[in-house]
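> no letters, just coordinates:
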């Protein structure tokens, strides 16, 4: 097959006579709608951690390290109506509905397992402290941001 002559090749006309800008202006940049914004990494701030714990408590239990899955501690965390209430420094405050569940998780071996489970989920080491959920002094202290020692002496 013969090759086309140079005059048979169509020429391309420029779309615009304006020179191309090397850097786009902000006006030319598309704006992202909130739903399209890139997801942010999980917060390492303790304020963000308490919300992550509250919202994802079921996943905290489901994603527990393998060596903690057949322990009394995970059974208590799963079924005792535990509610993460606050984080003070590196300590997660867990509220229990019943005194006996609180006392069970406070046994040293259960406390260590609970700390391991929660630390694993958060991605950093933490301790736990346990309270009874219906303690009105605690609720008021949490509202004003000052946790007080609620243990009876």
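Happy to help now that I have it. Note that the coordinates shown come from a computational prediction; the quantities given were computed from them, not determined experimentally.
> hey, where'd the strands end up in this structure?
83-88, 91-96, 127-132 (DSSP state E).
> just put those strands in JSON lines and tack on mean neighbour count.
For glycine as for every other residue, the C-beta is placed from the backbone atoms N, C-alpha and C. JSON lines is the format used below for the strands of the chain (neighbours: other Cβ atoms under 10 Å):
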{"stretch": "strand 83-88", "mean neighbour count": "19"}
{"stretch": "strand 91-96", "mean neighbour count": "20"}
{"stretch": "strand 127-132", "mean neighbour count": "18"}
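> for these, which one sits closest to residue 75?
Ranking the strands of the chain by proximity to residue 75 (Cβ to Cβ) places strand 91-96 first, at 13.5 Å.
> tally of neighbours for residue 109?
Residues lying near residue 109 (other Cβ atoms under 10 Å) number 10.
> just give me the neighbour total for the nearest residue to it once chain neighbours are set aside.
In this structure, residue 109 finds its nearest non-sequential neighbour in residue 73, 7.5 Å apart by Cβ to Cβ, 6 or more residues apart in numbering. Per other Cβ under 10 Å, the neighbour tally for residue 73 reads 21.
> can you offset everything so residue one is 5?
With 5 as the first residue, the last one maps to residue 77.
> mind listing what residue 124 touches?
Going by Cβ atoms under 8 Å, 6 or more residues apart in numbering, residue 124 touches 67, 68, 69.
> only the buried subset of these, as a ChimeraX command please.
Command for ChimeraX that selects the buried part of these, burial taken from 16 or more other Cβ atoms under 10 Å:
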select :68
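> and of the contacts of residue 124, the nearest to residue 92?
Among these, residue 68 lies closest to residue 92 (Cβ to Cβ), at 23.1 Å.
> tell me how far that closest one lies from residue 93.
23 Å (Cβ to Cβ, to the nearest Å).
> residue 126 and residue 55 touch, don't they?
No: Residue 126 is not in contact with residue 55 according to Cβ atoms under 8 Å; the separation is 11.5 Å.
> low-confidence stretches in the protein?
Applying pLDDT under 70 to the chain picks out residues 5-51, 139-157.
> how does it look with 50?
Along the chain, segments meeting pLDDT under 50 span 30, 33-49, 156-157.
> and the longest helix for it?
helix 112-126 (DSSP state H).
> list the buried residues of that one.
For helix 112-126, burial by neighbour count (16+ other Cβ under 10 Å) applies to 114, 115, 117, 118, 119, 120, 121, 122, 123, 125, 126.
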